[in-house]
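A.B. asks: Structure for the following, please:
(one chain, ligands or ions: 1)
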Amino acid sequence: MSSELNARVEPRKDTSTITGILLLAAAFLPWVAYWVLTRPGQPAGIAVALGISCLLLAQQLWTHSYRLLEAASFVFFAGAALAVFPIGNTAPADNAGPFGFGALLLIAAVSVLVRRPFTADMARLAYPRQYWHNPAFITLHSIISSVWAGVFLVCAVFTAFSVISVTGPLAVGLMVAAFIFTLVFQSKGPAYLVKQKYRDFEWHVPLTPRSSRQQNEYDVAVVGAGIGGLTTAALLAKRGYKVLVLEQQSQPGGYCRSLERGDFAFSAGVTGITGLWDSGPVDRLLRHIGISPDGRFAAHSHRYICKGSVIDTGAGMQSTVSALGDVFPEERDGIGSLFQDAAEAFFQLHEYSRQFDSPLPDHLVVRLMGDRAAAHLPRTYPGLYDWLDKTLQQKLDEHLRSDSLKAIIAAASGQNGTTPEATTGLRALMGCLGPQIAGTYYPAGGPGALAEAMARAVESFGGNVMLNYRADRILTDHRQVRGVRSGADIFQAHAVVSNVNPRTCVLQLVDANEIGGLYIDFIKSLPMSRSAFIVYAGVDADLSSYPSLIENIDGDFTILINSNADDRMAPRGRSSLTLIAPMGYRDFPPRDERDYDDRKRQFAALLLRKAEDVLPGIGDRVVVLDAATPRTLESYTSIPDGALYGFDQSVGSRRPHFRSPIKGLYFAGASTFPGAGVESAMMSAMICANDIAGWPRDGE
Ligand SMILES: Cc1cc2nc3c(=O)[nH]c(=O)nc-3n(C[C@H](O)[C@H](O)[C@H](O)COP(=O)(O)OP(=O)(O)OC[C@H]3O[C@@H](n4cnc5c(N)ncnc54)[C@H](O)[C@@H]3O)c2cc1C
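C.D. replies: Model prediction:
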């Protein structure tokens, strides 16, 4: 694993930034001609400028590459020529300085205001088309174009009052400085902006393995034994750190757990785990911490029910593409091109992630891959960046026409808790198309068995996992963590990793004065993702002829037949079902209200009735029944609102950075980057563990 981490992305070398600058210089040629050749009473320079503008415009028409500056320059010089020659108004010739710089100021200002900064037109040459609308690219060039606007403003005012001459050293010097700024800021700017954004989190905790010697003193304390907590703990313990995990429940896993009722076992919620293809991120992580995935996971077979049609897509990309093509023959080409497009981006994502085991938040891209990486990655991975800048719906619309087909492919975006319109490209790849490309898997023995194995892995590396220990307080002093208090026990630690949702952590476990009001307000402003109502039903019926995972798009619920993925989850001839339907937290009364139990029974009966449409006759064969409401989920994991995916992950939403403003306090899990789900929680933990222990490529 480490040797893979040592590899680096080698961005494609090219000279297109220089070409962009030359293009910018060329765009100023008409203006130079205007300023140099035009004198009061001598308007010939305007004709020359118009001529050059025509040539530049013709070149654009020829190459279909339209740029605002040249087009607006043409309009200006055409207007000036009209005013001077036929009409005889010599103002444009008499006031070349203020007129020229004033016009350029207007062009630059308008271009920034309409979010099409004029310098971006030239810089586009250096980037694939897919990156042109990226917010970071637009922001960078808004800054550059604003600097140009400032230069134009100064020159316009000073030439208007004859403080400087239009071709004098100050005007020329300012223009040259703006060119140099453009050149430098284009390559250094992305990294600079990212560093500025994260400057509050740039603390350092010097931590060497096993530096903690006292009995209750640890190098790292992890609060919460969800997948993010267990992964962080296992990775750090393997690297020699003295690690403690505190978990409030009697079993590890958080949302990724199993439960037993009578002779039946159920997944508490997780239906499938991704990232498990040969050398996929989860496959590699598990091997790294000594858990062989071989024989431990069963690939799901999928069924979709949409507009009354039943579509079995089997498992994996080929069978999905061909099954969908059979049902929608007129869309066969579009289905093929969508999956090809997604697969290219998906594997580009994993090719670049592979260097560091996870996609990286932008500030780590800069720190680990160098200042230029933020500018180079879009060129190296154009297919990926095309997805990152779009929503799932936009991608579906690019390739497909049928709404039913789009709904089927997007059904998995429910795994993100978002509609296709609100699903970001990254989540579309990781949580929707990716699983259809690379498969989803059910852990043998249910999701809880995976969590148990991970807890044992932590212990096998010398870590300490303490169940039934609720952390009451994360201890801090002068904005630095000191440890964790659980009841009467105090555990000192040099770093604390909170696998608890950051809102719970910040509002309940940390001293408000230490973490700061601004950060608390930020965390409070983040909406939670949606919750669910879940039914666990053991039925006296053999359902083995059905696929293991059924998405009823018409009825908006999912059926996981645990026993079809692992026949040990139910007695022979019987079946174990987990039924999941989305539900808002406030759609259900609090647990202490009188009608809570009644409502729970009603909802369970309703969901079972809906499931009967898919699995006829099961209603009469239920021998074991239980249910979880959003309130159950909340009380089990302490995630506010029983949110399935931590914070809402819709387009435009934000997630907390994995470092908090308190020195030594980290977050790992579904509520931070890259998002929700078992695979993503593991990735967030890999980021966190590597950040604490030092990225292996640094040779630490
Ligand atoms: C119904 C449902 C279906 C899902 N389906 C899928 C799926 O099919 N595929 C998929 O990949 N993901 C799925 N997910 C999401 C996935 O389960 C989660 O994103 C992931 O497991 C979250 O891991 P985490 O590391 O954030 O920890 P969490 O699961 O949030 O666990 C946090 C842990 O911290 C503990 N804790 C909290 N406070 C304290 C405290 N004060 N002291 C000590 N311990 C504390 C909790 O008890 C818990 O064990 C599903 C989730 C749900 C609820």
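A.B. asks: so what's Arg654 up against?
C.D. replies: Shown in contact with Arg654 (Cβ atoms under 8 Å, 6 or more residues apart in numbering): 526, 647. C-beta: built from backbone N, CA, C; applies to glycine.
A.B. asks: From Gly334, how far off is it?
C.D. replies: Distance, Arg654 to Gly334, using Cβ to Cβ, to the nearest Å: 33 Å.
A.B. asks: Leaving out chain neighbours, which residue sits closest to Arg601?
C.D. replies: Among residues not flanking Arg601 along the chain, Ala627 sits closest, at 8.0 Å (Cβ to Cβ, 6 or more residues apart in numbering).
A.B. asks: pLDDT weak spots in the protein?
C.D. replies: 1-18, 128, 130, 374, 412-416, 697-700 (pLDDT under 70).
A.B. asks: just so I have it, where are all the helices in the stretch 51-200 of the chain?
C.D. replies: 68-84, 91-94, 96-113, 118-123, 135-160, 169-197 (DSSP state H, counting those that start in this stretch).
A.B. asks: oh, I was asking about the stretch 501-650 of the chain
C.D. replies: 502-504, 512-515, 517-524, 562-565, 596-614, 630-637.
A.B. asks: How far away from the center of its chain is stretch 619-626?
C.D. replies: Centre-to-centre, stretch 619-626 and its host chain are 40 Å apart (Cα atoms, centre = their mean, to the nearest Å).
A.B. asks: For that stretch, list every residue counted as buried.
C.D. replies: By 16 or more other Cβ atoms under 10 Å, the buried positions in stretch 619-626 come out as 622-626.
A.B. asks: nearest to the ligand, of those residues?
C.D. replies: Minimum distance to the ligand across the buried residues of stretch 619-626 is 13.8 Å, recorded for Asp626 (Cβ to the nearest ligand atom).
A.B. asks: Excluding chain neighbours, what is closest to the closest one?
C.D. replies: Tyr536 (4.6 Å).
A.B. asks: How about the contacts made by the one you found?
C.D. replies: Tyr536 touches 259, 261, 264, 266, 576-578, 624-628, counting by Cβ under 8 Å, 6+ apart.
A.B. asks: Contact partners for Ala171?
C.D. replies: Contacts for Ala171 (Cβ under 8 Å, 6+ apart) come out as 97, 155, 158-159, 164-165.
A.B. asks: Counting neighbours, which of these end up buried?
C.D. replies: By neighbour count, with 16+ other Cβ under 10 Å, the contacts of Ala171 hold 97, 155, 158-159, 164 as buried.
A.B. asks: In a markdown table: those, plus distance to Lys197.
C.D. replies: As requested, the buried ones among the contacts of Ala171 are exported to a markdown table (distance: Cβ to Cβ, whole Å):
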| residue | distance to Lys197 |
| --- | --- |
| Gly97 | 39 |
| Cys155 | 32 |
| Phe158 | 35 |
| Thr159 | 38 |
| Ile164 | 37 |
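A.B. asks: From those, pick the one nearest the ligand.
C.D. replies: When the buried ones among the contacts of Ala171 are compared against the ligand (criterion: Cβ to the nearest ligand atom), the nearest one is Cys155, at 55.1 Å.
A.B. asks: what about the residue lying closest to the closest one once chain neighbours are set aside, how many neighbours?
C.D. replies: Among residues not flanking Cys155 along the chain, Phe101 sits closest, at 4.2 Å (Cβ to Cβ, 6+ apart). Neighbourhood size, Phe101 [other Cβ atoms under 10 Å]: 25.
A.B. asks: For the closest residue to the ligand within the stretch 601-700 of the chain, which three-state class applies?
C.D. replies: Across the stretch 601-700 of the chain, the shortest distance to the ligand (Cβ to the nearest ligand atom) belongs to Gly669, at 2.8 Å. Under the three-state scheme (DSSP: H, G, I helix; E, B strand; the rest coil), Gly669 adopts coil.
A.B. asks: Would you mind confirming that it is in contact with Thr231?
C.D. replies: No - when contacts are counted by Cβ atoms under 8 Å, Gly669 is not listed as touching Thr231 (9.1 Å).
A.B. asks: Overlap of the contact sets of these two?
C.D. replies: Residues touching both Gly669 and Thr231 by Cβ under 8 Å, 6+ apart: 681, 685.
A.B. asks: Who are the contact partners of Ile515?
C.D. replies: Counting by Cβ under 8 Å, 6+ apart, Ile515 touches 506, 660-662.
A.B. asks: Compare these and tell me which has the most neighbours.
C.D. replies: Ser660 (29 neighbours).
A.B. asks: Which residues are in contact with it?
C.D. replies: Counted by Cβ under 8 Å, 6+ apart, Ser660 has contacts 201, 498, 502, 506, 515, 519, 666-667.
A.B. asks: ok, which stretches of the stretch 151-300 of the chain are strands?
C.D. replies: Shown for the stretch 151-300 of the chain, the strands assigned by DSSP state E, counting those that start in this stretch span residues 217-223, 243-246, 258-261, 264-267, 297-299.
A.B. asks: Please render those strands as CSV that adds mean neighbour count to the earlier fields.
C.D. replies: As requested, these are arranged in CSV below (neighbours: other Cβ atoms under 10 Å):
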stretch, mean neighbour count
strand 217-223, 27
strand 243-246, 28
strand 258-261, 18
strand 264-267, 25
strand 297-299, 19
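A.B. asks: What is the nearest of the contacts of Ala171 to Asp542?
C.D. replies: Proximity of the contacts of Ala171 to Asp542 (Cβ to Cβ) peaks at Cys155, which lies at 83.2 Å.
A.B. asks: Show the contacting residues for the closest one.
C.D. replies: 97, 101, 164, 166, 171, 174-175.
A.B. asks: Report the separation between the single nearest residue of the stretch 51-200 of the chain relative to the ligand and Phe667.
C.D. replies: Ranking the residues of the stretch 51-200 of the chain by distance to the ligand (Cβ to the nearest ligand atom) places Tyr198 first, at 21.7 Å. Distance, Tyr198 to Phe667, by Cβ to Cβ: 14 Å.
A.B. asks: Which residue of those two possesses the greater neighbour count?
C.D. replies: The neighbour comparison of Tyr198 against Phe667 (other Cβ under 10 Å) goes to Phe667, with 25 against 16.
A.B. asks: Report the beta-bridge partner residues of the more buried one.
C.D. replies: With DSSP bridges applied, Phe667 shows beta-bridge pairing to Ser498.
A.B. asks: again, but for Val220
C.D. replies: Val220 has these beta-bridge partners by DSSP bridges: Val243, Ala495.
A.B. asks: Report the contact partners of it.
C.D. replies: By Cβ under 8 Å, 6+ apart, the residues touching Val220 are 207, 232-233, 236, 241-244, 493-497, 692.
A.B. asks: Recalculate using a threshold of 7 Å.
C.D. replies: 236, 241, 243, 493, 495, 497, 692 (Cβ atoms under 7 Å, 6 or more residues apart in numbering).
A.B. asks: need those in CSV with distance to Thr419, can you?
C.D. replies: Shown next, in CSV, are the contacts of Val220 (distance: Cβ to Cβ, whole Å):
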residue, distance to Thr419
Leu236, 38
Tyr241, 42
Val243, 39
Ala493, 41
Ala495, 38
Val497, 32
Ile692, 36
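A.B. asks: Thank you, goodbye.
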